[in-house]
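*Asks:* Provided below are the primary sequence and the corresponding predicted coordinates.
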Amino acid sequence: MKQWMNLKTLVIIVAILFAVAFPQMGFKMYYVHIGVLSLLHILLALGLNLVAGYAGQLSLAQAAFFGIGAYVSALLMLNLKWSFWLAAPLGALAAGLVAVGIGLPTLRLKGPYFVISTMGFGEIVRLVFLNWESVTRGPNGLPGIPAPDPISLGFVTLTFESRVENYYLILTVLLVVLVLYYNLVHSRIGRALRAIRNDYIATQVMGIHVAFYRILAFGVGAALSGLTGALYAGYIRFISPDTFTIGESINILIMMVIGGMGTISGPIIGAIFITYLLETMRVFAEYRLVIYGLLMFLVILYMPHGIAGMLKKLSLRVRAGKKEA
């Protein structure tokens, strides 16, 4: 076990070092852009994983919360000239509060009924973005969104205009989120969520307030998606309803499932894998989605617990082989 923990720690350190060094490795800016998108997708997949992977409630509203965070923060910066550092938390808060409001009546639903309700909510949010033209400019979107404001540290001023600078900003946010996420899922709250997922009836008998923990997971996951929306708006500088569709929610769901639900490493692996897969398959033009669907089918068929689950099984086999030897 000690050797396994040492190996796990080593892998984490190497992954962090690679992520930090990635923009300095001489790749074209296009690949840095894909790296930024991967980081954003990791945050979105982690948000969904909290409610679906740990609490056991599958949601298709993640793109809606992503959009709420993006639009709220962008409108605050454009119309009220607020700083990004104030607008972004408010965008996350708005997404979390909307999730709590939606979760109070819908989280009592089970199985496909909850999935359908979140899908309907996601479509309603997209239509609001599309038709409330006096505020959102409808299909024309919101251009000219300011970049995050510079931060002065006395001896140096950090700016966030370029892709590389935004990459490091989002990577820093991701690392902070991962520390908080790890502590959350290994706390009493995380244990309660896993108990709800594994045995709903037994959890109720034990006196755990199921509705409270599900709403908490739904709200925190939505707030994380809202924060991601603010980061996305500050990076792309333009948002439109086309980004926040049901298709985007499905992509986020696939990232989580392919990587491995109910784990921390799963959404990270799945988000990176799917983001780069979709981009590299652009050369296949109209056949891209067909190949994508086929690959997803094969992965789910032969790796039901995701890539993280497969890696865990391999590590257990290796350890068992060493003990026998």
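*Replies:* The structure has been received and is ready for your questions.
*Asks:* the strands in the chain, which residues?
*Replies:* With DSSP state E applied, the chain shows strands at 151-152, 157-158, listed in chain order.
*Asks:* turn those into TSV, columns for distance to residue 116 and mean neighbour count.
*Replies:* Using the backbone N, CA and C atoms, a C-beta is placed for each residue, glycine as well. Shown next, in TSV, are these (distance: least, C-beta to C-beta, whole Å; neighbours: other C-beta atoms under 10 Å):
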stretch	distance to residue 116	mean neighbour count
strand 151-152	44	10
strand 157-158	45	11
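*Asks:* make TSV out of these and add distance to residue 63.
*Replies:* Formatted as TSV, these follow (distance: least, C-beta to C-beta, whole Å):
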stretch	distance to residue 63
strand 151-152	30
strand 157-158	30
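*Asks:* from residue 199, how far out is residue 205?
*Replies:* Applying C-beta to C-beta, to the nearest Å, the value for residue 205 to residue 199 is 9 Å.
*Asks:* so those two - more neighbours on which side?
*Replies:* Shown here are residue 205 and residue 199; by other C-beta atoms under 10 Å, residue 199 has more neighbours (13 against 9).
*Asks:* against residue 54, how distant is the more buried one?
*Replies:* The value you get for residue 199 to residue 54, if C-beta to C-beta is used, is 14 Å.
*Asks:* next: residue 16.
*Replies:* 23 Å.
*Asks:* more neighbours: the two, which one.
*Replies:* Remark: of residue 16 and residue 54, residue 54 carries more neighbours, 24 against 13, as counted by other C-beta under 10 Å.
*Asks:* show me the contacts for that one.
*Replies:* Shown in contact with residue 54 (C-beta atoms under 8 Å, 6 or more residues apart in numbering): 185, 190, 193-194, 197, 217, 262.
*Asks:* what about the chain, any weak spots by pLDDT?
*Replies:* Under the criterion pLDDT under 70, the flagged ranges of the chain are 1-7, 283-286, 288-289, 315-325.
*Asks:* max-length helix in it?
*Replies:* Using DSSP state H, we find that the single longest helix of the chain is helix 210-236.
*Asks:* other SSEs contacting that one?
*Replies:* Packing contacts for helix 210-236, counted by 3 or more C-beta pairs under 8 Å, 6 or more residues apart in numbering; DSSP states H and E, involve helix 29-49, helix 62-79, helix 84-106, helix 163-185, helix 188-198, helix 200-205.
*Asks:* flag every buried residue along that helix.
*Replies:* 210, 213-236 (16 or more other C-beta atoms under 10 Å).
*Asks:* so what's the gap between it and the chain middle?
*Replies:* 8 Å (C-alpha atoms, centre = their mean, to the nearest Å).
*Asks:* next one: stretch 244-251
*Replies:* Put simply, stretch 244-251 sits 12 Å off its chain's centre (C-alpha atoms, centre = their mean).
*Asks:* what do you get for stretch 290-310?
*Replies:* Averaged C-alpha coordinates place stretch 290-310 at 19 Å from its chain's average position (C-alpha atoms, centre = their mean).
*Asks:* just the buried positions in that stretch, please.
*Replies:* Applying 16+ other C-beta under 10 Å to stretch 290-310 flags 292, 299, 303, 305-310 as buried.
*Asks:* now for the helices and strands packed on helix 210-236, which one comes closest to residue 144?
*Replies:* Nearest of the helices and strands packed on helix 210-236 to residue 144, taken as C-beta to C-beta: helix 62-79 at 7.0 Å.
*Asks:* can you give me the angle the closest one makes with helix 29-49?
*Replies:* Comparing the axes of helix 62-79 and helix 29-49 via axes from the mean of the first three to the mean of the last three C-alpha atoms, to 10 degrees yields an angle of 120 degrees.
*Asks:* what is helix 62-79 packed up against?
*Replies:* The contact analysis (3+ C-beta pairs under 8 Å, 6+ apart) places helix 62-79 against helix 29-49, helix 84-106, helix 112-131, helix 133-136, helix 210-236, helix 246-259.
*Asks:* again, only using 7 Å
*Replies:* Contacts defined by 3 or more C-beta pairs under 7 Å, 6 or more residues apart in numbering; DSSP states H and E place helix 62-79 against helix 29-49, helix 84-106, helix 112-131, helix 210-236, helix 246-259.
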